[in-house]
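Student: Build me a model from this:
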Amino acid sequence: MSDILEQIKNGENKTLEFKETLPKNDSIAKTVVAFSNTSGGKLIIGINDQREIVGIDDKEIFELQDRIASIIFDSCYPNILPEIYVLNIDGKLLLVIEIFRGNLLPYYLKSDGKNNGTYIRIGATNRKAEYENIVELERQKRHISYDEEANYDVSLDTLDLKPLYERFAKLSKPLDEQKLHNLKLLKSEHGTTYPTNALLILLGYFENCMVKCARFKGVTMELFIDKKEYKGDIFTILENTQNFILNHINLRGEIKGLYRIDTYEIPEVALREALINALIHRDYINKGRDIKVGIYDDIVNIVSPGSFPNTITAEDIANGRSEARNKIVANIFKELGLIEQWGSGINRIKKICKANFLQEPKIEEQNDFVDAQFFRPNTTESDRLVSDTVVKPSDTDDCERLRTITDDYERLAKEEQEILLYLLDNKTISRKEATTLIGLKNTKTYEILNSLVEKNLITRDGQGRSTHYKLSKAVSDE
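Tutor: Coordinates of the predicted model:
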């Protein structure tokens, strides 16, 4: 009883809908079809819009049960068998229509046919399924994932498999054509070998195989400090995205014995786990969306297109149940040691953050995407080794000098401003000189220099130890 009261308190969601009285026939049928096509659910009659239990007349119970059963039988196809029962809560009766996810997908309204009458559950609403949704439901009936299917539109000869070969070679797991078939990255039909969608996803072939990153000023999206879009093979995207985040969050220093130990304010392993989850579980069928990473003063936010797989709920995931939307892609990550154990990802992220005395990350399904929020700790100025906020130079002369390079100098990080001011005086700077100038580690310094190169403010000359940087020609000519 306490479970149902808690569910009512939390409100409608993917698997729960309330009605004060019995709705119209088509409304019931759409909800039943949507539940059957998604994760199942309960339609509870006797609760008003304020989540108050108003109950139903006990004299109408049997009549309502019969009417509902008839509506479902007459309106839905294939046949759906609901459980209809009564709950007594503090003397008030609720009628519950419980629907289980079906295995004869897709379910639809008989009167509208499969193409127009198929509904799915998105958040707390029933939505008419698009053609791609219907095709995906049919795949699910056959227990086949999208990434497992052969792609007949792409010739294998046009693909560069080098990124994949190199990743496996580093682990002493050499790839050949037979191994690619075994991993379901290739499929042969009628004497022709085709790439599967999994291979194309891993290689970053599709236009939506990208991650968009942004560092925003403050806690809103009104003003950004830095933006990047990462494309290419999925492993390079993972590394670049992780580096972007680490470049824009703080390092904390702690003295242990004789040594100073530097750690990121949010553990790298937790961030990496969240990014891996986003990359392997996102909905690649939706070609119009991509993964987005936003870094604000208060949170690091990772948004991945696609809700949780239809076969599981948030409660299932919290209990360690695993269901991969992209089975082949997930298996490749497991082969490469990027996934430790099935079903451990979200709980592991939360445990790592808790062990580091951080607020538990918020990872939840929001309509048709999954939203992960890491809460940044409040840090004092002495804790910070990198300034990722906009710093306006206090010296008026410095402001004027930076303005000769770029009008957007106020959006640059403090370390970027320092390097540009140095170049105005000294024409060139080496990596070693830049490291000494801004007082950061080599890796961080290189990232800042590369950021200025990408912004076309400086150029890189030379190789190896002779590498040096100078103001770009476009800047120096102004």
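Student: Break the protein into its domains for me.
Tutor: Under automatic domain parsing, the residue ranges defining each domain of the chain are 2-141, 211-381, 390-476.
Student: right, and the ones you listed - which one's nearest residue 174?
Tutor: With distances scored as Cβ to Cβ, the stretch of the domains of the chain nearest to residue 174 is domain 211-381 (12.5 Å). Bear in mind the C-beta positions are built from the backbone N, C-alpha and C, glycine included.
Student: quick check: mean pLDDT across that closest one?
Tutor: Across domain 211-381, pLDDT averages out at 88.
Student: so how far is it off the chain centroid?
Tutor: 7 Å (Cα atoms, centre = their mean, to the nearest Å).
Student: Name all residues that make contact with residue 220.
Tutor: Taking Cβ atoms under 8 Å, 6 or more residues apart in numbering as the contact definition, residue 220 lies against residue 296.
Student: Could you number the chain from 582 rather than 1 from now on?
Tutor: Renumbered: residue one is now 582, and that last one reads residue 801.
Student: before we move on, back to that, tell me which of the domains of the chain sits nearest to residue 737.
Tutor: domain 792-962 (15.9 Å).
Student: Residue 610 - how many residues pack around it?
Tutor: Neighbourhood size, residue 610 [other Cβ atoms under 10 Å]: 26.
Student: hang on, it is in a helix, isn't it?
Tutor: Yes - counting by DSSP: H, G, I helix; E, B strand; the rest coil, one finds residue 610 located in a helix.
Student: how much space between it and residue 705?
Tutor: 18 Å (Cβ to Cβ, to the nearest Å).
Student: One more: residue 747?
Tutor: Counting by Cβ to Cβ - residue 747 and residue 705 are separated by 46 Å.
Student: try residue 918
Tutor: Distance from residue 918 to residue 705, by Cβ to Cβ: 39 Å.
Student: which regions of the stretch 582-731 of the chain sit below the pLDDT cut-off?
Tutor: 582-583 (pLDDT under 70).
Student: now the strands for it?
Tutor: Secondary structure of the stretch 582-731 of the chain (DSSP state E, counting those that start in this stretch): strands at 597-600, 622-626, 657-658, 664-670, 673-680, 689-690, 700-703, 706-709.
Student: can you list the ones you listed in a markdown table and add distance to residue 897 and mean neighbour count?
Tutor: Below are the strands of the stretch 582-731 of the chain laid out as a markdown table (distance: least, Cβ to Cβ, whole Å; neighbours: other Cβ atoms under 10 Å):
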| stretch | distance to residue 897 | mean neighbour count |
| --- | --- | --- |
| strand 597-600 | 15 | 21 |
| strand 622-626 | 14 | 22 |
| strand 657-658 | 25 | 20 |
| strand 664-670 | 19 | 13 |
| strand 673-680 | 17 | 20 |
| strand 689-690 | 26 | 24 |
| strand 700-703 | 15 | 24 |
| strand 706-709 | 21 | 17 |
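Student: In JSON lines, list those along with distance to residue 928.
Tutor: Converted to JSON lines, the strands of the stretch 582-731 of the chain look like this (distance: least, Cβ to Cβ, whole Å):
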{"stretch": "strand 597-600", "distance to residue 928": "24"}
{"stretch": "strand 622-626", "distance to residue 928": "25"}
{"stretch": "strand 657-658", "distance to residue 928": "37"}
{"stretch": "strand 664-670", "distance to residue 928": "31"}
{"stretch": "strand 673-680", "distance to residue 928": "28"}
{"stretch": "strand 689-690", "distance to residue 928": "37"}
{"stretch": "strand 700-703", "distance to residue 928": "25"}
{"stretch": "strand 706-709", "distance to residue 928": "29"}
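Student: could you pull out the helices for the stretch 782-931 of the chain?
Tutor: Here the stretch 782-931 of the chain has its helices, by DSSP state H, counting those that start in this stretch, at 815-828, 849-862, 895-899, 908-916, 926-936.
Student: Just the CA atoms of the strand or helix carrying residue 776, as CSV, please.
Tutor: Element membership for residue 776 (DSSP states H and E) is strand 773-776. The C-alpha trace of strand 773-776 is given here as CSV (Å, rounded to 0.1, in the frame of the first residue of the first chain):
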residue,chain,number,x,y,z
THR,A,773,28.8,-9.3,-50.5
THR,A,774,30.1,-8.1,-47.2
TYR,A,775,28.4,-5.1,-45.6
PRO,A,776,29.2,-3.0,-42.5
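Student: who are the neighbours of it, in terms of helices and strands?
Tutor: Applying 3 or more Cβ pairs under 8 Å, 6 or more residues apart in numbering; DSSP states H and E, we find strand 773-776 packed against strand 767-770.
Student: name the helices or strands packed onto the strand it packs on?
Tutor: Using 3+ Cβ pairs under 8 Å, 6+ apart, strand 767-770 sits against helix 758-763, strand 773-776.
Student: Just name the most buried of the ones you listed.
Tutor: Mean neighbour count (mean count of other Cβ atoms under 10 Å) peaks for strand 773-776 among the helices and strands packed on strand 767-770, with a mean of 17.
Student: how about stretch 889-907: buried residues?
Tutor: Going by neighbour count (16 or more other Cβ atoms under 10 Å), the buried part of stretch 889-907 is 889-891, 893-895, 897-898, 903-907.
Student: quick check, nearest of those to residue 943?
Tutor: For the buried residues of stretch 889-907, the nearest to residue 943 is residue 895 (11.6 Å; Cβ to Cβ).
Student: what does the helix or strand where residue 951 lies rub up against?
Tutor: Counting by DSSP H and E, the element that carries residue 951 is strand 950-956. Contacts with strand 950-956, where a contact means Cβ under 8 Å, 6+ apart, come from 847, 851-852, 855, 858-859, 862, 870, 879-889, 934, 939-940, 942-946.
Student: any idea which residue sits dead centre in this protein?
Tutor: Nearest to the mean C-alpha position of the chain, by Cα atoms, centre = their mean, lies residue 885 at 2.4 Å.
Student: doesn't residue 855 make contact with that residue?
Tutor: No - checked against Cβ atoms under 8 Å, the pair residue 885 and residue 855 is beyond contact range at 9.1 Å.
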